[in-house]
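Participant: Below is the sequence, then the predicted model.
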Amino acid sequence: MIIGIPDGSSACFEVTPGDAESPVILHVPHGSRTLTAQARERILLDDAELAAELDHMTDAHTGLIANRAAVTAGLAPWIFSSRLSRLVVDPERFPDDREDMRAVGMGAVYLRTSHGVPLRTDDPNHIEDLLARHYHPYASAMADLVDARLAAVGRAVVLDVHSYPSRPLPYELHPTGNRPAVCLGVDSFHTPHWLHDAATRALSLVGDLDVNTPFGGTYVPLKHYRQTDQVMALMIEIRRDLYMTEPGGAVNAGVDTVTRALATLVDTATSA
């Protein structure tokens, strides 16, 4: 783990500019292992336990995959990535009762680990402070980037880059579902048929695909959620054993296949 990023909101995300004409945003929300000192001091795990939890919960090397795909693509997409671990805040969770994962203590601020062990105490003041410092600025900046793509090219295509373990973890709500090489998370409003079809063609290079299993849906800034059909989105969940040593090890040769497939999808989404 890394500790030392300041608690200030501007440190919680990074935007890597793409081509001015690209509508595509590669969103990498869960690729970091970094905690702020403020967040670490309230986590109940010791260092060894925390390192193990980060191994389980970090979408390792997804930033590497996104960056390599951006370089490979014909027209570079924009990249929006979290600089903080999801154990600080999870920017993709609803911050309120709409979030299903609150049932297992894993809303926008996690109270439980992947194995159901207490992660931090349920302190409303601390939770609100983390949301104010990190969650809301992140969401606002992502919405700004989407707005900028809408203004520049008339549409935005958010490709949400994730990974997931080959074996289910205890926190998962649907542990018996199919665990394909690539899970495509789609939304009936924000995922048009052409984007789903393009992803199926491009990502079949990696292996078998399924839709909304074991995880479902995709990320759209709340200001556009079910409001703006020119904001299109798709979640890409890559099974980790295909490109890395689980749970938190190095990449293997499979990462090149994943990168090529994602770059192909970026190209198709750009030209559609």
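Facilitator: Received the coordinates, thanks.
Participant: Please enumerate the strands of the stretch 51-200 of the chain.
Facilitator: Taking DSSP state E, counting those that start in this stretch as the test, the strands found in the stretch 51-200 of the chain are 78-82, 156-164, 182-185.
Participant: Could I get these in a markdown table, plus columns for distance to S22, mean neighbour count and mean pLDDT?
Facilitator: Any C-beta I mention is one placed from the backbone N, CA and C, and that applies to glycine too. Below are the strands of the stretch 51-200 of the chain laid out as a markdown table (distance: least, C-beta to C-beta, whole Å; neighbours: other C-beta atoms under 10 Å; pLDDT from 0 to 100):
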| stretch | distance to S22 | mean neighbour count | mean pLDDT |
| --- | --- | --- | --- |
| strand 78-82 | 6 | 23 | 98 |
| strand 156-164 | 9 | 24 | 98 |
| strand 182-185 | 21 | 23 | 98 |
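Participant: can you list those strands in CSV and add distance to T264?
Facilitator: As requested, the strands of the stretch 51-200 of the chain are exported to CSV (distance: least, C-beta to C-beta, whole Å):
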stretch, distance to T264
strand 78-82, 17
strand 156-164, 12
strand 182-185, 13
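Participant: among the ones you listed, which is nearest C12?
Facilitator: Among the strands of the stretch 51-200 of the chain, the nearest to C12 by C-beta to C-beta is strand 78-82 (6.7 Å).
Participant: Just the angle for the closest one relative to strand 156-164, thanks.
Facilitator: Computed by axes from the mean of the first three to the mean of the last three C-alpha atoms, to 10 degrees, the angle separating strand 78-82 from strand 156-164 equals 40 degrees.
Participant: tell me what strand 78-82 is packed against?
Facilitator: The contact analysis (3 or more C-beta pairs under 8 Å, 6 or more residues apart in numbering; DSSP states H and E) places strand 78-82 against strand 13-16, strand 24-28, helix 62-72, helix 136-153.
Participant: Which of the ones you listed has the highest mean neighbour count?
Facilitator: strand 24-28 (a mean of 27; mean count of other C-beta atoms under 10 Å).
Participant: tell me the average confidence for that strand?
Facilitator: Over the span of strand 24-28, the pLDDT mean works out to 98.
Participant: just stretch 97-108 next, same as before
Facilitator: pLDDT averaged over stretch 97-108 gives 95.
Participant: what about that stretch, start to end distance?
Facilitator: 10 Å (C-alpha to C-alpha, to the nearest Å).
Participant: Any buried residues in it, and which?
Facilitator: 101-102, 104-108 (16 or more other C-beta atoms under 10 Å).
Participant: got it, and stretch 214-223?
Facilitator: Judged by neighbour count (16+ other C-beta under 10 Å), stretch 214-223 contains these buried residues: 214-221.
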